[in-house]
Structures are given as structure tokens and as C-alpha cells.
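[1] The amino acid sequence is not available; the structure is as follows:
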Ligand SMILES: Nc1ncnc2c1ncn2[C@@H]1O[C@H](COP(=O)(O)OP(=O)(O)OP(=O)(O)O)[C@@H](O)[C@H]1O
């Protein structure tokens, strides 16, 4: 069994707590991304799974087996780091063959496996090239191949694409996903890049300041962020959040945004969750889930900036705490200084408790 269970996992470095009581279940064959900003504790978590760091508290189980005291070499994990770790004096073929050879595999078997992995990672034409003559992109591909050829039941990758260029990163996202589909390994992938997490992972564990914020499928964390941190961190740009207070209107429950006016009526389920709430809330909607409407049906805001990025247009509206961004698939013909009336799609509206930062939900 190559499921991974992290139970009450804690890591301290002296007085500093890098990871606070993390509980996470990663299923056998699952692709789990650990996503969060720099310093949030993702590498620390990964290093403990790999056996490179000892937990200060809690447990790591692979299946039913407690990993306490089990050295890295005995855990059956493959590990790829941000900085490729390959032998530059060897050829690509020798690098790929290194692991199976050390394990005493027969020559025919080594040749077969090197051929297969080289084919999968498009390294076949480069097999007899010395590694010191390869680009950083290709070196990282070799490093992935060198680990993958061992067919580890658990494959750990820590920011493996952060040093390669953007175009190559896009290619590798597809290849890594294919690799995992083929081998059905349990994959744990550390990244600060939400695009990598969203495109490859079955589920994403979003972390901040050593605390697990939310675990869910890419769509779950995008559509239903558990708190304000996840709402802002996921999405590009992140979710718009405007401060206000719930208020009754003749059309139903709304959020009074002060100088920005009142929002359109909240959908029934959200209204039920907010009814009776007294404190400040944050009214959230995704930049790509709003339309421009006529007066009286949305939030009237002044355009402060317009970014035209190929097919997409990002319109910045309002200032300071009342600033939002909206994303359109076409050029909506707005210019700086125009007034636009923005209506968030009712189904996309989310509301958070301003004091706790937690999503407010019915039931
Ligand atoms: N050996 C160590 N001694 C002291 N502090 C450490 C040590 N290793 C990590 N830390 C601290 O623990 C925190 C979490 O580090 P970690 O490397 O896990 O973060 P991360 O989310 O992977 O970020 P990054 O992408 O920058 O590596 C950071 O504040 C880091 O400075």
C-alpha cells in the first residue's frame, strides 16, 4: 500500500514552528500537490515524508506502516528536487541506468527500462550525449527519468520545474501527468505555482504559515475556498473581496458595501447562512465571473487600469480596500476613468466572516 497518512505532524526548528499539526490522507495512486507561498512549510513536510527530516511530533504512515526511524533509502520513495541531481560526467543512458544497475538488474532488463523511460520523456535521441552538454531543461528531464525508472511506489517532487523555462514547464506538466497515469504511483508534488497544482493534481493541499488551509480538488479550492487566504491565493487574479455588512432590502438579503452601495441580493443558501450575522463580512466573487450591466443592477465603479493580455482583458476598478479586478474574454471597450457597473454572477458569490476569515455556509 502506498497511501500516505500524516497524523498530527509537527515540525519545529528550535523555537520556530515550521509545521503546525498537519493531518492529511493521500490515497494510493493519488497526485497530491502541496501548494503555498514561500516559507509555508511545504518542503519541510515533503522532507519528513522522504525521511530527510525527523518530525518533532505526530506520525507518518505509508499504508499501515509507521515510518518513524525508517531511513530514506528504505522508504521506497523516489525524490526529484528543484536542482537536478545527476552525474554530469556520465551520458544520459548511464544516468538513467544507474539506479537499476545498483539494484543488480540484468543488462537486458536495464536496456528495456532505459529505452522505455527515454521514450516517454523524449530523451531517446540524447541517450549517448554527455550530461554536461545538456541544457537545464533537459537535465531536469533526465533527473525525473532517473528517479522514475526505479518505479517507486511513492514519487516525491519538490518544485521540479521552477528552474526550467516557461515553455518547457508547460510541456513537462503534461509529461509528468502522463508519467503518473502510466505508473499509477502516489505522487506528492510541492509547488508555489498554482497553475502546476491546478493542472496536474487530483487534489491540492493549500498551506500558509505552517498551517494546512484546505484540501480539495482543483475545482473545489477554486469554487469553494475555505477561507480568505485560499480565496486570494487560488485564481489569477485571486478572488475579489469587499468589506461590508449584511442588510435586509426589499429584494432580499444584500451586503451593504458602504460607499460602493449595496450588492445584488444574495442567493438563497448564502442569505440563509448570513441572516442574523451582525459582524463585518467580506463579499467575494471571482474576477472571471462578473458581467457588465446597466445602472441599478450592479456595483458602479471607476476603471483605474485596463490590461489587454491577448484574448483576455483584465479591468481594474476602484481603489484601496474597494478595489476589484474583472476578467473578460473580449475587449469590453473600457478605458481608464470610465464608470463600469459590475454584476457578480450570483452562483459565484461567496461570503467570508471578516473576523475569522472563514467561509460562511448554510447549515
Ligand atoms: N533547517 C532549518 N532550520 C531553521 N528553519 C528552517 C529550516 N528549514 C526550514 N526552515 C524554516 O521553516 C519554514 C518553512 O520552510 P520550507 O522550506 O518548508 O518552506 P516552503 O514552503 O517549502 O518554502 P520554499 O518554497 O521557500 O522552500 C521557513 O520559514 C524556513 O525558513
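    Everything's here; your move. Since the model is a prediction, treat every value here as computed from it, not as a measurement.
[2] C-alpha from now on. contacts and neighbour counts both.
    Fine.
[3] Helix or strand next in line after the helix or strand where residue 138 lies, which one?
    Element membership of residue 138 [criterion: DSSP states H and E] is helix 136-148. Per DSSP H and E, the first helix or strand lying C-terminal to helix 136-148 is strand 154-158.
[4] contacts for the helix holding residue 138?
    Contacts with helix 136-148, where a contact means CA atoms under 8 Å, 6 or more residues apart in numbering, come from 78-80, 83-86, 92, 95-99, 117-118, 121, 123, 131, 155, 160-161, 163-165, 168.
[5] Could you list the low-pLDDT ranges of the stretch 201-350 of the chain?
    Along the stretch 201-350 of the chain, segments meeting pLDDT under 70 are nowhere present.
[6] Please, where are all the helices along it?
    Applying DSSP state H, counting those that start in this stretch to the stretch 201-350 of the chain gives helices spanning 218-223, 228-233, 268-274.
[7] Check which residues of the first one are buried.
    Meaning helix 218-223. Within helix 218-223, the residues that qualify as buried are 218, 221-223, counting by 16 or more other CA atoms under 10 Å.
[8] quick one, the helix holding residue 138 and strand 154-158 angle?
    Using axes from the mean of the first three to the mean of the last three CA atoms, to 10 degrees, the direction of helix 136-148 lies 160 degrees away from that of strand 154-158.
[9] chain center to helix 136-148: distance?
    For helix 136-148, the separation from the chain centroid amounts to 22 Å (computed by CA atoms, centre = their mean, to the nearest Å).
[10] re earlier: of the contacts of helix 136-148, just the buried ones, ChimeraX syntax please.
    Those of those that count as buried under 16+ other CA under 10 Å are selected in ChimeraX with:
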select :78,79,80,83,84,86,92,95,96,97,98,99,117,118,121,123,131,155,160,161,164
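[11] From the contacts of helix 136-148, which land in helices?
    Using DSSP state H, the members of those that fall within helices are 92, 95-99, 117-118, 168.
[12] Tell me the one of the residues you listed nearest the ligand?
    Closest approach between the ones in helices among the contacts of helix 136-148 and the ligand, by CA to the nearest ligand atom: residue 168, at 20.1 Å.
[13] how about the closest one, what does it touch?
    Contacts for residue 168 were tallied using CA under 8 Å, 6+ apart; they are residue 137.
[14] what's the answer for residue 68, then?
    Residue 68 touches 59-60, counting by CA under 8 Å, 6+ apart.
[15] Got the phi and psi for it?
    The phi and psi values for residue 68, taken as degrees, to the nearest 10, are phi -60, psi 130.
[16] ok, so what distance separates it from the ligand?
    19 Å (CA to the nearest ligand atom, to the nearest Å).
[17] any idea how far that residue lies from residue 111?
    When distance is defined by CA to CA, to the nearest Å, residue 68 is 36 Å away from residue 111.
[18] Please identify the residues of the stretch 1-150 of the chain in proximity to the ligand?
    13, 18, 38-44 (CA under 6 Å from any ligand atom).
[19] ok so, going back, columns distance to the ligand on top of the helices of the stretch 201-350 of the chain, output as a markdown table?
    Shown next, in a markdown table, are the helices of the stretch 201-350 of the chain (distance: least, CA to the nearest ligand atom, whole Å):
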| stretch | distance to the ligand |
| --- | --- |
| helix 218-223 | 18 |
| helix 228-233 | 14 |
| helix 268-274 | 34 |
